[in-house]
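Participant: Whatever this is, show me its structure:
(one chain, ligands or ions: 1)
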Amino acid sequence: MYKDPSTPTLELIKDVIKRYGLECVEWEPFVFKQTIEADTKTSISKINLLKICAGCSIINLDTYFNDWKTFQFLTQVLNNDIPSAVITPNFTVGELMVGVETAVRLRKSLKKLNPAPEFSEEIAKYIAAQALEDGIWYLPKPLDFANKYSSMKKVICKECGYEEFFDNQKVCSNCTEANTTSSLKDFKPKKHRVKKGFGKKIKIVEKNPTSKVSKKLTKLLINPKNEEIKVEPEDMCAVKLYSAISYMYEQIGVKYDH
Ligand SMILES: [Zn+2]
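Facilitator: You can find the predicted model right below:
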């Protein structure tokens, strides 16, 4: 498995932790190389060594979840690509899914030790931009956190005209004075304004409507063979997502459970 470049990151990490314990996530690459090669009496391919280091970094640090440059670099590795210093990668939605799903599953495997943080806004926007370039505006799991950016789901205030990306908040930030704060953490509607009924007159719009795509995708995932595909943007988008999801399961080495 260490020689074969197609071995998924999840399998490699599971095996090194089983062999050497969780402490090994802090090892340097050369320690992994020497130890694994001595123990298994085979050579380890370069990409597998990189995948092990990427996996350890994701387990250890939160940068994959909040820094887009780290995200970009490690997502290439998780997709069996050796990152280049000169070429900026363009990811398909399938490749982005492989990266995100691998990272989330790695953290889940640690149970409560180091749960996965939420992906940052910066990464969500990066993913949405890559998806839109690929002609995909609806993002299901595991990329659903970026969906508001790809679908351009916004809340617009009918009273003051303020608009922002929809974050499950059903009042206008401006009318409830949420944005009169110096710290991002306190960016919440002021209770006394909400009580007085300010900011309620809002509408939620999706500039790129997602419901038709999401329905078609669900049908495809249940029964891909019997689904008629029409030549229209929604169906094309759903088909691309269906291939992306199939690709993800194949790459991470997990069977899709219908
Ligand atoms: Zn308003």
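
Participant: all helices for the stretch 101-250 of the chain, in order.
Facilitator: Along the stretch 101-250 of the chain, counting by DSSP state H, counting those that start in this stretch, helices occupy 121-133, 147-150, 191-195, 211-222, 233-252.

Participant: where are the low-confidence patches of the stretch 51-200 of the chain?
Facilitator: When residues are selected by pLDDT under 70, those of the stretch 51-200 of the chain lie in 184.

Participant: hang on, the earlier thing: and the helices of the stretch 101-250 of the chain: which comes nearest E23?
Facilitator: For the helices of the stretch 101-250 of the chain, the distance to E23 is smallest for helix 233-252, at 24.9 Å, taking CB to CB. For every residue, glycine as well, the C-beta is placed using N, CA and C.

Participant: need the contact list for the residue of the stretch 1-150 of the chain found nearest the ion.
Facilitator: The stretch 1-150 of the chain approaches the ion most closely through K148 (18.7 Å), counting by CB to the ion. K148 is in contact with A124, F165, F166, D167, counting by CB atoms under 8 Å, 6 or more residues apart in numbering.

Participant: In strands, which of those residues fall?
Facilitator: Using DSSP state E, F165 are the members of the contacts of K148 that sit in strands.

Participant: Closest one of the contacts of K148 to the ion?
Facilitator: Nearest to the ion, judged by CB to the ion, of these is F166 at 14.1 Å.

Participant: What count of nearby residues applies to the closest one?
Facilitator: By other CB atoms under 10 Å, the residues close to F166 number 19.

Participant: Double-check it against K153; I have them as touching.
Facilitator: Yes: applying CB atoms under 8 Å as the test, F166 and K153 come out as touching, 4.4 Å apart.

Participant: With V205 as the reference, measure out to the most centrally placed residue in the chain.
Facilitator: Closest to where the C-alpha atoms of the chain average out (CA atoms, centre = their mean) is V100, at 3.8 Å. Between V100 and V205 the distance is 27 Å, computed by CB to CB, to the nearest Å.

Participant: picking up where we left off before, and the contacts of K148, which is closest to T218?
Facilitator: The shortest gap between T218 and any of the contacts of K148 belongs to F166, at 21.7 Å (CB to CB).

Participant: so how far is stretch 96-114 off the chain centroid?
Facilitator: In terms of CA atoms, centre = their mean, to the nearest Å, the centre of stretch 96-114 is found 10 Å from the chain centre.

Participant: what do you get for stretch 165-184?
Facilitator: Remark: stretch 165-184 is offset 25 Å from the chain centroid, using CA atoms, centre = their mean.

Participant: One more: stretch 34-44?
Facilitator: When C-alpha coordinates are averaged (CA atoms, centre = their mean), stretch 34-44 and its chain have centres 32 Å apart.

Participant: ok so, going back, check the contacts of K148 for burial and list the buried ones.
Facilitator: Listed as buried from the contacts of K148 are A124, F166; burial here means 16 or more other CB atoms under 10 Å.

Participant: Farthest-apart pair in the contacts of K148, please.
Facilitator: Farthest apart among the contacts of K148 - using CB to CB - are A124 and F166, which lie 12.8 Å from each other.

Participant: circling back: where do the contact lists of F166 and K153 overlap?
Facilitator: In contact with both F166 and K153: I204, using CB under 8 Å, 6+ apart.

Participant: and the stretch 101-250 of the chain, which residues reach the ion?
Facilitator: For the stretch 101-250 of the chain, the contact set with the ion under CB under 5 Å from the ion comprises C157, E159, C160, Y162, C172, N174, C175.

Participant: For those, pick the one with the most neighbours.
Facilitator: Result: C172 is most packed of those (other CB under 10 Å), 26 neighbours.

Participant: I'd say that one and G161 touch.
Facilitator: No: using CB under 8 Å, C172 is not in contact with G161, being 9.3 Å away.

Participant: and the nearest residue in space to Q72 that is not next to it in sequence, how many neighbours does it have?
Facilitator: Once flanking residues are discounted, Q72 sits nearest to P89: 6.5 Å by CB to CB, 6 or more residues apart in numbering. A total of 14 residues lie near P89 under the criterion other CB under 10 Å.
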